[in-house]
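S.K.: Structure for the following, please:
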Amino acid sequence: MKTKNIFLTFMSIMLTLFVATDAFAQDKQDKKKGKETVKFYVEDMVCENCQAKVEKNIAFEKGVTDLKCTLSDKTVEVTYKTDKTNPENLKKGFKKFGMTAVESDSIKVNKTDLER
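M.R.: Next up, the predicted model:
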């Protein structure tokens, strides 16, 4: 009888842990929904101060959840909530502090793209 009670208690604990873990994983997946990452080429980002300026300003644009600047190739990857902003609004955010950002799939961007 004692073995049966221990077994039932053990199974109850395992079931509770399984359900709690599954619920936590589902919640984590829901948080990832509605986010996108866009890569910008920022020709004006030429020094560490420029990089700091980008990090300081773009991080506080509405909807931005993550930001990665790479000074060596002048790129900025911005992860944002799609219900709060979009790439066009983020480009306007760069313009607020005097920099031009061009959406980029690759590092090489034509000068004509920067003039648009």
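S.K.: Can you give me the neighbour number for residue 13?
M.R.: Residues within reach of residue 13, counting by other Cβ atoms under 10 Å, total 10. No exception for glycine: its C-beta is placed from N, CA and C like everyone else's.
S.K.: How about the one 4 residues further on?
M.R.: Around residue 17 there are 10 other residues, counting by other Cβ under 10 Å.
S.K.: measure it to residue 68 for me?
M.R.: According to Cβ to Cβ, to the nearest Å, residue 17 and residue 68 sit 36 Å apart.
S.K.: Likewise for residue 100?
M.R.: 19 Å.
S.K.: Compare those two (neighbour count), which wins?
M.R.: residue 100 (16 against 12).
S.K.: what residue is smack in the middle of the protein?
M.R.: residue 79 (2.7 Å; Cα atoms, centre = their mean).
S.K.: How about that residue, nearest residue that isn't a chain neighbour?
M.R.: residue 66 (3.8 Å; Cβ to Cβ, 6 or more residues apart in numbering).
S.K.: part of a strand, is the one you found?
M.R.: Yes - checked against DSSP: H, G, I helix; E, B strand; the rest coil, residue 66 lies within a strand.
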